[in-house]
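[1] coords please:
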Amino acid sequence: MAVAEALTVHQLREVMATFAQLLEQHKAVINALNVYPVPDGDTGTNMTLTVTSVVAELDGVAEADDVAAVCKAISHGSLMGARGNSGVILSQILRGIAEEVRDAGVATIGPEVLARALARASDGAYGAVLKPVEGTILTVVREASEGATAAAAGAGRCSSACWRAAPPAAALAHARSVAGAGRGGRGRRRRHETAAPARRRPGRRRRPAPARTARRGVGGHRGGWRAPRSRPRR
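    Here you go, the predicted structure:
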């Protein structure tokens, strides 16, 4: 299978459309994985609505090879359609990518431009969160940025670096999963690859209680030997 050396504007539009379709297909799974920061079960829905807004904005752009117009539609659509915390973070990621591509002023998106776009997206995502926590979509976009930068420099493959399992936060490890938004950012991933190993809660171990054994004496009495009772004489 041939690997494209660069993305055209048309392919960028296709990427966003495919992303929206995949989110819609896996929305229920992402909602079920939504355990952080609160298990409200709407991360998949919010991410889907956010990207759907981007696709609707792109539908209003002509099919001409106008990079600036497409990037503007992605940025504006994600901003106006952001829903919930996950949607806001996702919108910052999409805006970072779109603005970097627009500022590059290129007709196609090559490895170097993509690496810079993902780095800008990562900075924007982390900047949108007051207390960033790893094991979420923040980790996904950061590792994607690092993988793309290494691949652009010829030091590695972007695919392997972008999609390896993210180190989960303590709260996520206790729930045996990564955050729902992290799953949404990964796209098509098997659920068992995102599961975190269970951890024992810290604390003192209780010693097992000693087994109680009852001794029986003569005549079946508990507690040892007892003298037999004498019968009164008649």
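
[2] burial count for residue 121?
    Other residues near residue 121 number 24, with proximity taken as other CB atoms under 10 Å. (Glycine included, C-beta is placed from N, CA and C.)

[3] What separation is there between it and residue 66?
    21 Å (CB to CB, to the nearest Å).

[4] Then residue 129?
    33 Å.

[5] State the mean pLDDT of the lengthiest helix in the chain.
    Across the chain, the longest stretch assigned as helix under DSSP state H is helix 84-104. Helix 84-104 comes out with an average pLDDT of 95.

[6] Tell me the helix or strand right after it.
    On the C-terminal side of helix 84-104, the closest following helix or strand by DSSP states H and E is helix 111-127.

[7] Between helix 84-104 and that following helix, find me the angle.
    150 degrees (axes from the mean of the first three to the mean of the last three CA atoms, to 10 degrees).

[8] And the following helix or strand past helix 111-127, what does it pack against?
    Using DSSP H and E, the helix or strand that directly follows helix 111-127 along the chain is helix 137-152. Applying 3 or more CB pairs under 8 Å, 6 or more residues apart in numbering; DSSP states H and E, one finds that helix 137-152 contacts helix 84-104, helix 111-127, helix 158-162, helix 180-186.

[9] go again using 6 Å as the cut-off
    helix 111-127, helix 158-162, helix 180-186 (3 or more CB pairs under 6 Å, 6 or more residues apart in numbering; DSSP states H and E).

[10] Mind telling me which of those the model trusts least?
    Looking at those, the bottom one is helix 158-162 with a mean of 46.

[11] mind showing which ranges of this protein have poor pLDDT?
    1-3, 36-37, 65, 155-234 (pLDDT under 70).

[12] Buried ones in the longest helix of the chain, by neighbour count?
    Buried positions in helix 84-104, judged by neighbour count with 16 or more other CB atoms under 10 Å: 84-102, 104.

[13] again with stretch 4-22
    7, 9, 12, 13, 16, 19, 20.

[14] so who does the first one touch?
    So the one you mean is residue 7. residue 109 (CB atoms under 6 Å, 6 or more residues apart in numbering).

[15] switch the cut-off to 8 Å
    15, 108, 109, 114 (CB atoms under 8 Å, 6 or more residues apart in numbering).

[16] Then the fifth one?
    When contacts are counted by CB under 8 Å, 6+ apart, residue 16 is found next to 51, 54, 55, 58, 74.

[17] from these, which is closest to residue 139?
    residue 51 (19.7 Å; CB to CB).

[18] And that closest one, how far from residue 134?
    Taking CB to CB, one finds residue 51 at 23 Å from residue 134.

[19] Between the two, which has more neighbouring residues?
    Comparing residue 51 with residue 134 by other CB under 10 Å, the one with more neighbours is residue 51, at 27 against 16.

[20] Please look at that one and residue 19 and confirm they touch.
    Yes - between residue 51 and residue 19 a contact is recorded at 5.5 Å, counting by CB atoms under 8 Å.

[21] Quick check: neighbours shared by these two?
    Joint contacts of residue 51 and residue 19 (CB under 8 Å, 6+ apart) do not exist.
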